[in-house]
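**Student:** coordinates only, sequence not included:
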């Protein structure tokens, strides 16, 4: 029998992103890597900023005893304080290190959060299009994901969220800037989501958390201020990572930030810390914690991603593709010229262009491409996009 039936079923449903990445490797072996244009994986191409290497060298030369030993499960006090200081400056709220838990990236942060909040059968509302792993993260901790819709501009459909609410709803999960659309949820939208949560709390006599997944928060192509969730609802939790803003995807370093205005945050932080330990993460990597403590104001050059976005968005819409312009992150989510997005992605694959079907993000009829790749990959993919659109009758 081997592996569990559940694991076997989930593996069959698992990420289209990884599936297409593996297809790209096979095509590269057959046709040569220079002839294959892989836009399937959101693997940030920008190297960490110069401050990263300077700080890494400083830490490497530090021979202070205990540098690499265990620390409190919530993280190094000085790192938590540094993160809190930046959050306080950005939000105007009285964050302290006590409201911050360091984690092994945003994926770990979400699993830790769901373990701390969910009893078996509790529901978490996710909004399509969504990052596909969300469904597994909720299931990992005994919860049930419930999917709500977005509007045509990829802002959440408030009525759909309202309809999805039940007495078992424990949390609503949002992601802005969004993967896969690049949409940034407006201040008005965030306030409306919080309002629906408050309505449901009053109706059912329950407490519902608003969880915001923000790994792309510093990758924005607008001068508008970021609409933080904290002021809209007391039971707010932010999870994030430095995978994108510092180009550290492989280092697995992120954090959870609990609203300092939540009156019962002490119990919540204790539960999050316990979950961080007992899920086997124990603590976030000591080296990365020491490093990011001094890099909270640093970032990769967002203008590089902005230029790539403008190039590929302009090229595809100029050909005739329909697409909502992304305002953040590093993805485009165009409409599929064929009704079956999987069929169109397969057609692109015959042109040696790798993308991901929208069904993998809970939204059929679209496809996702990542523009955090070399310019030559974006440029080389254009003939394939044009030929596929022509073959599809576009």
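**Tutor:** Alright, I've got the coordinates. Given the structure is predicted, the values throughout are model-derived calculations rather than measurements.
**Student:** Assumed residue 344 was part of a helix.
**Tutor:** Yes. In this structure, residue 344 lies within a helix as judged by DSSP: H, G, I helix; E, B strand; the rest coil.
**Student:** Residue 367 is in contact with that one, correct?
**Tutor:** Yes. Judged on Cβ atoms under 8 Å, residue 344 makes contact with residue 367 at a distance of 6.3 Å. From N, CA and C alone the C-beta is placed, and that goes for glycine too.
**Student:** The stretch 151-300 of the chain: helices as residue ranges?
**Tutor:** Assignment of helices within the stretch 151-300 of the chain using DSSP state H, counting those that start in this stretch yields the ranges 158-164, 187-204, 265-278, 286-292.
**Student:** Take those and write them to a markdown table, including mean pLDDT, mean neighbour count and distance to residue 327.
**Tutor:** Written out in a markdown table, the entries for those read as follows (pLDDT from 0 to 100; neighbours: other Cβ atoms under 10 Å; distance: least, Cβ to Cβ, whole Å):
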| stretch | mean pLDDT | mean neighbour count | distance to residue 327 |
| --- | --- | --- | --- |
| helix 158-164 | 98 | 16 | 19 |
| helix 187-204 | 98 | 17 | 13 |
| helix 265-278 | 98 | 18 | 30 |
| helix 286-292 | 97 | 21 | 26 |
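**Student:** now the ones you listed as JSON lines including distance to residue 224?
**Tutor:** What follows is these, written out as JSON lines (distance: least, Cβ to Cβ, whole Å):
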{"stretch": "helix 158-164", "distance to residue 224": "20"}
{"stretch": "helix 187-204", "distance to residue 224": "9"}
{"stretch": "helix 265-278", "distance to residue 224": "29"}
{"stretch": "helix 286-292", "distance to residue 224": "26"}
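**Student:** Residue 306 is nearest to which of those?
**Tutor:** Nearest of these to residue 306, taken as Cβ to Cβ: helix 187-204 at 21.9 Å.
**Student:** ok, how many other residues are close to the closest residue to residue 370 other than its chain neighbours?
**Tutor:** In space, not counting the residues next to it along the chain, residue 370 is nearest to residue 42; the distance is 4.8 Å by Cβ to Cβ, 6 or more residues apart in numbering. Burial of residue 42, expressed as a neighbour count using other Cβ atoms under 10 Å, amounts to 24.
**Student:** Mind picking out the helix or strand in the protein with the poorest mean pLDDT?
**Tutor:** helix 16-31 (a mean of 76; mean pLDDT, DSSP states H and E).
**Student:** Give me the pLDDT for the residue lying closest to residue 338 once chain neighbours are set aside.
**Tutor:** With sequence-adjacent residues excluded and distances taken as Cβ to Cβ, 6+ apart, residue 338 is closest to residue 344, at 4.2 Å. The predicted structure scores residue 344 at 98 on the pLDDT scale.
**Student:** How much space separates residue 168 from residue 267?
**Tutor:** Between residue 168 and residue 267 the computed distance is 21 Å (Cβ to Cβ, to the nearest Å).
**Student:** And for residue 97?
**Tutor:** The span separating residue 97 from residue 267 equals 18 Å under the rule Cβ to Cβ.
**Student:** For residue 218, give me phi and psi.
**Tutor:** The phi and psi torsions at residue 218 (degrees, to the nearest 10) take the values phi -90, psi 0.
**Student:** all strands of the stretch 51-200 of the chain, in order?
**Tutor:** Taking DSSP state E, counting those that start in this stretch, the strands of the stretch 51-200 of the chain run over residues 100-103, 123-127, 144-148, 169-175.
**Student:** Figure out which of the ones you listed is closest to residue 283.
**Tutor:** The closest approach between residue 283 and any of these, judged by Cβ to Cβ, belongs to strand 100-103 at 7.0 Å.
**Student:** Which other helices and strands does the closest one contact?
**Tutor:** Where contact means 3 or more Cβ pairs under 8 Å, 6 or more residues apart in numbering; DSSP states H and E, strand 100-103 is packed against helix 77-91, helix 105-117, strand 254-258, helix 265-278.
**Student:** 10 Å instead, please
**Tutor:** Applying 3 or more Cβ pairs under 10 Å, 6 or more residues apart in numbering; DSSP states H and E, one finds that strand 100-103 contacts helix 77-91, helix 105-117, strand 236-241, strand 254-258, helix 265-278, helix 286-292.
**Student:** got these as CSV, with distance to residue 150 columns?
**Tutor:** What follows is the helices and strands packed on strand 100-103, written out as CSV (distance: least, Cβ to Cβ, whole Å):
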stretch, distance to residue 150
helix 77-91, 26
helix 105-117, 20
strand 236-241, 20
strand 254-258, 25
helix 265-278, 29
helix 286-292, 32
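**Student:** Of the ones you listed, which is nearest residue 357?
**Tutor:** The closest of the helices and strands packed on strand 100-103 to residue 357 is helix 105-117. By Cβ to Cβ, the value is 22.0 Å.
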